[in-house]
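1. Build me a structure from this.
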Amino acid sequence: MRTLIIGGGLSGLALASALEADGHDYILVEARDRFGGRIMTERYGSGYYDMGPAWFWPGQPRIAALIAKLELEKFDQYSKGIQMVEDERGHVHRGRGFASMEGSWRLKGGLDQLTHCLAERLPAMRKRLNAHVAKLAKTDDAITAKLIDSDTVSADRVVLALPPRVAARIDFVPSLPSDAMHAMQGIATWMAGHAKALAVYDRPIWREAGLSGDAVSHIGPMVEVHDASPAEGGPFALFGFVGVPPEGRADAQVLRQNILAQLGHLFGPEASEPQKLYLKDWAFDPHTATDADARPLYAHPTYGMPRAMTGLWDGKLHFAGTEVAPQFGGYIEGALEAAENALKI
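-> Next up, the predicted model:
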């Protein structure tokens, strides 16, 4: 039985790796020109900076096991020093609260070390980039995926390792039941409405001032800021989640100017002149977000697999993105959980 895995993020890569280890027939296709999905790491000098998910936590056994298997190394999120708070009037206060991500872990080298290692271990014949599936057609004999370049891939079963809302944009023939489509479109894509800014510096100017790099702002544009520096050495970095809704972020140049001004206001004039400013707006990433994801999520949804999304196409169509993981949905641990559950079907 041949399995077609659509989506080369952590879920799809983990599932492909498990099928490879068990000697099964499969092919993994990814619409982007890179593997990793929402895991994306920028590099500047010897530094590495996660522009998608950045953290994982104790009590998440799958990610811990994968890191050990790949012989990678975690480190503690930096949390020493004073937190900053910017109130509604733009006044900055020191020493209010604590480092909110204290106790979380990051991965040395960046989280894309996970996806890079998994992808590199898959045979070239089993994986394809720039392979955007536009249509899935089921017959009695097989399921055929038609790519936007008109190429086709056939398999006996399909696993959609994608956010359900993104998967719902595929043309299914025959059509999926209306309750299944409604369920897919109703599952919010974690992180899809967010934008993340990251400023790189040659010195940790906030640490030198006794600050943790943590800040909360009630005026923005960044509503939450953290230290994003590598485990050892530099270049050092601060990153922030942008709280302005997507329609207010369309002018990236204006947004960058406002972000630099806010960093200077929070951490001093030097902070407004980083060596590099990265900006990743996931709301404008067509492989991550849909129009329904236009507003960022400020609370973690209750994820899991809706009953309406099970047993489709005589049990030959399955889902494996982090949003369908019942315990750790939305987290990178959930991506591995979803892949594990798909493997059991």
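2. Can you list the low-confidence ranges for the stretch 201-345 of the chain?
-> 296 (pLDDT under 70).
3. quick one: Q77 and M101 touch, right?
-> Yes: Q77 is within contact range of M101, at 4.8 Å (criterion: CB atoms under 8 Å). C-beta coordinates here come from the backbone N, C-alpha and C atoms, glycine included.
4. tell me, what's touching those two both at once?
-> Residues touching both Q77 and M101 by CB atoms under 8 Å, 6 or more residues apart in numbering: 55, 226.
5. can you give me the helices for the stretch 151-300 of the chain?
-> Ranges of helices in the stretch 151-300 of the chain, per DSSP state H, counting those that start in this stretch, are 164-167, 178-186, 205-208, 252-267.
6. what's the closest of those helices to M222?
-> Closest approach to M222 among these (CB to CB): helix 252-267, 5.9 Å.
7. ok, now which ones touch A308?
-> A308 is in contact with 177, 179-180, 182-183, counting by CB under 8 Å, 6+ apart.
8. Mark which of these are buried, thanks.
-> 180, 183 (16 or more other CB atoms under 10 Å).
9. distance of I6 from K344?
-> 19 Å (CB to CB, to the nearest Å).
10. more neighbours, these two?
-> I6 (26 against 5; other CB atoms under 10 Å).
11. Identify the bridge partners of that one.
-> Applying DSSP bridges to I6 gives these bridge partners: V29, L160.
12. So it versus V29, what's the distance?
-> Distance, I6 to V29, by CB to CB: 6 Å.
13. And S217, by the same measure?
-> As defined by CB to CB, S217 lies at a distance of 41 Å from V29.
14. If I look at G97, what pLDDT would I see?
-> On pLDDT, G97 comes in at 62.
15. just S100 next, same as before
-> For S100, the model assigns a pLDDT of 77.
16. Now name the helix or strand holding it.
-> Here S100 sits in a region with no helix or strand, counting by DSSP states H and E.
17. now the nearest residue in space to it that is not next to it in sequence: how far from A183?
-> The shortest distance from S100 to any residue other than its chain neighbours is 6.1 Å, reached at D214 (CB to CB, 6 or more residues apart in numbering). Here D214 is placed at a distance of 37 Å from A183 (CB to CB).
18. do G248 as well
-> Going from G248 to A183 by CB to CB gives 30 Å.
19. same deal with P326?
-> Distance from P326 to A183, by CB to CB: 14 Å.
20. same check, this time on T322
-> Plainly put, T322 is 16 Å away from A183 if you go by CB to CB.
21. swap in M309?
-> For M309, the distance to A183 equals 5 Å [CB to CB].
22. With G23 instead?
-> 34 Å.
23. So for the residue nearest to K108 when sequence neighbours are not counted, what pLDDT did the model give?
-> Sequence neighbours aside, E73 is the residue nearest to K108 in space, at 4.5 Å (criterion: CB to CB, 6+ apart). With respect to pLDDT, E73 scores 98.
24. Torsion angles phi and psi at E73?
-> E73 adopts backbone torsions of phi -140, psi 140, taken as degrees, to the nearest 10.
25. tally of neighbours for M181?
-> Around M181 there are 17 residues (other CB under 10 Å).
26. Skipping its backbone neighbours, what lies nearest it in space?
-> Closest residue in space to M181, ignoring its immediate chain neighbours: A168 at 6.0 Å, by CB to CB, 6+ apart.
27. now do L19
-> Spatially, and ignoring its direct neighbours in sequence, L19 is nearest to Y26 (4.5 Å; CB to CB, 6+ apart).
28. What about that neighbour, how many residues nearby?
-> 21.
29. check contacts around the closest residue to S217 other than its chain neighbours.
-> Excluding the flanking residues, the one nearest S217 by CB to CB, 6+ apart is E86, at 3.9 Å. Going by CB under 8 Å, 6+ apart, E86 touches 92-93, 215-219, 262, 265-266.
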